[in-house]
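# When you get a sec, could you give me coordinates for this:
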Amino acid sequence: MLYQHDRDFSIIVNGEDLMHSRRHESEFELARLGCAHLVGRKVATRVLIGGLGMGYTLRQTLDMLGPEARVVVGELVPAVAQWNREFFGRLNDNPLADQRVELKIGDVVEIISEAKNTFDTILLDVDNGPEAMTDSGNLRLYGYDGILACRRALRKKGCLAVWSAKPNKDFEELLMGCGFHVRRYRAPAHKGKNARSHFIYVASENKSILPAGGGEARIPQGKRSKGRGKRTRS
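Numbering: from 1, shown residues only. From the prediction side, this is the model:
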């Protein structure tokens, strides 16, 4: 359900406040961190965004990339795309109208599964992050097979960036078990004092392209298992 109060909008799913137009700083940060390694590139870059939301991550991504970039957006709910066109454009300067954008209505898992060495960055802001809040089916995106599919869909020096409502050690270990170097960043929901923090995970096979700052994730010695954590591309 979409609600409006004056100039503000909120999306409610199963009685839970999933997103609000005033609390979008962490969505900006998802793009800033996930696309940091692409800034200034002269060659065409290709980015996949999983979850359109209110369009803030898409807006920030477009602002960071050059005219040759292409951004694919996977959005499961057609109504969300329609709300972006009808209502949210005034908030974020109509990113869906940008010619660099290709919107695909459907499950982003299918887009990822069909891709191989395709994207320079994958930005995931689906449901409530690794601990899915509204659809248990989203857990397959954040599980072992889903993360391996993301790795296959990335180019050699690509990054996977994942928005999370809260820190998740199990998810950190899963990312590393799938062959990624991982850093965790705190991202305020909005500017100002007393802002609630969310978290952004940025993962890459190439440690040198991870953004500065944040905390480096490590698997506890006792949890390392045979056959996992290998950093060779499949």
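
# what's the span of stretch 114-122 from first residue to last?
In stretch 114-122, first residue to last residue: 14 Å (C-alpha to C-alpha, to the nearest Å).

# in it, what's buried?
By neighbour count on 16 or more other C-beta atoms under 10 Å, the buried set for stretch 114-122 is 115, 118, 119, 120, 121, 122. Bear in mind the C-beta positions are built from the backbone N, C-alpha and C, glycine included.

# For this protein, name the helix or strand with the lowest mean pLDDT.
Within the chain, no helix or strand scores below strand 16-20, which has a mean of 68 by mean pLDDT, DSSP states H and E.

# Distance check, residue 216 against residue 183.
6 Å (C-beta to C-beta, to the nearest Å).

# The two: which has the busier surroundings?
Using other C-beta atoms under 10 Å, the more surrounded residue of residue 216 and residue 183 is residue 183, with 21 against 11.

# how about stretch 41-49: buried residues?
So for stretch 41-49, counting by 16+ other C-beta under 10 Å, buried means 45, 46, 47, 48, 49.

# likewise stretch 9-16?
Result for stretch 9-16 [16+ other C-beta under 10 Å]: buried residues 9, 10, 11.

# Three-state assignment for residue 176, please.
Reduced to three states with DSSP: H, G, I helix; E, B strand; the rest coil, the structure at residue 176 is helix.

# Could you save the buried residues of stretch 114-122 as JSON lines and add columns showing secondary structure, distance to residue 150 and pLDDT?
Below are the buried residues of stretch 114-122 laid out as JSON lines (DSSP: H, G, I helix; E, B strand; the rest coil; distance: C-beta to C-beta, whole Å; pLDDT from 0 to 100):
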{"residue": "115", "secondary structure": "coil", "distance to residue 150": "9", "pLDDT": "96"}
{"residue": "118", "secondary structure": "coil", "distance to residue 150": "11", "pLDDT": "97"}
{"residue": "119", "secondary structure": "strand", "distance to residue 150": "9", "pLDDT": "98"}
{"residue": "120", "secondary structure": "strand", "distance to residue 150": "13", "pLDDT": "98"}
{"residue": "121", "secondary structure": "strand", "distance to residue 150": "11", "pLDDT": "98"}
{"residue": "122", "secondary structure": "strand", "distance to residue 150": "6", "pLDDT": "98"}
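
# Do a quick rundown of the helices in the chain.
Remark: helices assigned in the chain by DSSP state H are 25-34, 56-64, 78-83, 89-92, 108-114, 144-153, 169-177.

# Out of these, which is closest to residue 197?
Ranking the helices of the chain by proximity to residue 197 (C-beta to C-beta) places helix 25-34 first, at 8.1 Å.

# from the middle of its chain, how far away would the closest one be?
8 Å (C-alpha atoms, centre = their mean, to the nearest Å).

# Next: stretch 118-129.
Counting by C-alpha atoms, centre = their mean, stretch 118-129 comes out at 3 Å from the chain centroid.

# before we move on, what about stretch 76-88?
The chain centre lies 18 Å from the centre of stretch 76-88; the measure is C-alpha atoms, centre = their mean.

# List of residues touching that stretch?
Stretch 76-88 is contacted by residues 2, 4, 9, 11, 21, 52-55, 75, 94-96, 103, 105-108, 126 when judged by C-beta atoms under 8 Å, 6 or more residues apart in numbering.

# Any buried residues in it, and which?
Of the residues in stretch 76-88, those buried by neighbour count under the rule 16+ other C-beta under 10 Å are 76, 80, 81, 83, 84, 88.

# what about it, average pLDDT?
The pLDDT scores in stretch 76-88 average 90.

# So that it lines up with my notes, have the first residue be 700 from now on.
Sure thing, new numbering starts at 700, so read that last one as stretch 775-787.
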